[in-house]
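Peer 1: Next comes the sequence, and after it the predicted model I'd like to discuss.
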Amino acid sequence: MVRYRVKVTKAGTIYIALTLALGIAAVNTGSSLLYLILSVMLSAMALSGLSSLVNLLGIKVRARPAREVFAGMKASFLMEIENRKPFPAFLIAIEGGEGRATVPYLPPWGRSQVFLPLLFPRRGWQRVPPLRIVSSHPFGLFRRGFWMRTGDRCLVYPRPIPAPEPLPSSEPKGERRGGERRKGPEGDFFGVRPFSPGDSFRLVHWQATARVAHFMVKVYREEERGPFLLHLDEGLDLEFALGKLTFLASRLLQKGYAVGVKLPHLFIPPSWGEGQRRRILEALALYE
């Protein structure tokens, strides 16, 4: 059973005070005009409460993440609000955590979408927290609302914690001088990756740059490093160590390197691409 709660707004407080003052004046003076005005104001107050209740009937909400969700970091969720009644709804607001999103108008049997930031303190499969659905329609005198559990879940990844890049598990191709490998355009073309500080602008891939609106550089076989096989630092707290692995896996894969993970009871062979990144992050999110 849905329990509706009502909160008086600042405008409502002023309106109630004026109504009480007018009622006292009407009793003291016996003026028919004041009694008429008082009845109109009381009727408007009752109509406001009834209208806000009807406005919230038949409202359903679904939530899904608009992008990746990391523990301890706000993530944007796409809220789909559905109006399941044959007349429109107005000024429907969704509140969750510290965020708030408002839909000005919902047509009969219609839907609308808004974005709402949510925060999850822990990694793993998490349920979307209860959302408060409120409305101050039509006069803004009262805010009537109720709590709703959507039942939706999302996979929360460990919070990325910056860490220095490790050494590759095998020597990269190419000549090393002073501990650094020389990069050059010689060799077979391997692909493109995002620009990193220290890359030569001679290697910029202009067609790929124009498509994604930020610098992309060419990668050749001689530039290919790795593979990287990430291990769990047993001397650290588990959540802190998983956060470092999350950061390193995302950063190295974004640069175009082959990355794998070797943990107790978990082994993911080194590979490339966004699919490998998803596999690693999901495994770290569910790691016990």
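Peer 2: Yes, it's here. Numbers count the residues shown, from 1 in each chain.

Peer 1: Check the separation of the first and last residues in stretch 246-263.
Peer 2: Using CA to CA, to the nearest Å, the end-to-end distance of stretch 246-263 comes to 13 Å.

Peer 1: can you start the count at 54 instead of 1 from here on
Peer 2: With 54 as the first residue, the last one maps to stretch 299-316.

Peer 1: Average pLDDT for that stretch, rounded please.
Peer 2: On average, the pLDDT along stretch 299-316 is 87.

Peer 1: again with stretch 141-150
Peer 2: Averaging pLDDT along stretch 141-150 gives 90.

Peer 1: Surely I321 touches R332?
Peer 2: Yes. With contact defined as CB atoms under 8 Å, I321 counts as touching R332 (6.0 Å). C-beta coordinates here come from the backbone N, C-alpha and C atoms, glycine included.

Peer 1: Below-threshold pLDDT in the stretch 204-341 of the chain: ranges please.
Peer 2: 220-243, 249-252, 272-279 (pLDDT under 70).

Peer 1: now the strands for it?
Peer 2: Ranges of strands within the stretch 204-341 of the chain are 206-209, 229-230, 233-234, 242-247, 269-273, 281-284, 312-316, 319-324, based on DSSP state E, counting those that start in this stretch.

Peer 1: Within the sheet, what are the partner strands of the last one, with directions?
Peer 2: Yep, that's strand 319-324 we're talking about. Strand 319-324 pairs in its sheet with strand 312-316 (antiparallel), by DSSP bridges.

Peer 1: Please identify the buried residues of the strand it pairs with?
Peer 2: When neighbours are counted by 16 or more other CB atoms under 10 Å, the buried residues of strand 312-316 are found to be 312-314, 316.

Peer 1: Just give the closest residue to T155, not the sequence neighbours.
Peer 2: Closest residue to T155 apart from its sequence neighbours, by CB to CB, 6 or more residues apart in numbering: A146 at 4.5 Å.

Peer 1: Oh, that last question was meant for R153, not what I typed.
Peer 2: Nearest to R153 is A146, by CB to CB, 6+ apart, at 6.1 Å.

Peer 1: Which strands or helices does the host helix or strand of the one you found pack on?
Peer 2: Counting by DSSP states H and E, the element that carries A146 is strand 142-149. When contacts are defined as 3 or more CB pairs under 8 Å, 6 or more residues apart in numbering; DSSP states H and E, strand 142-149 packs onto helix 85-109, strand 112-118, strand 128-136, strand 152-159, strand 164-171, strand 184-188.
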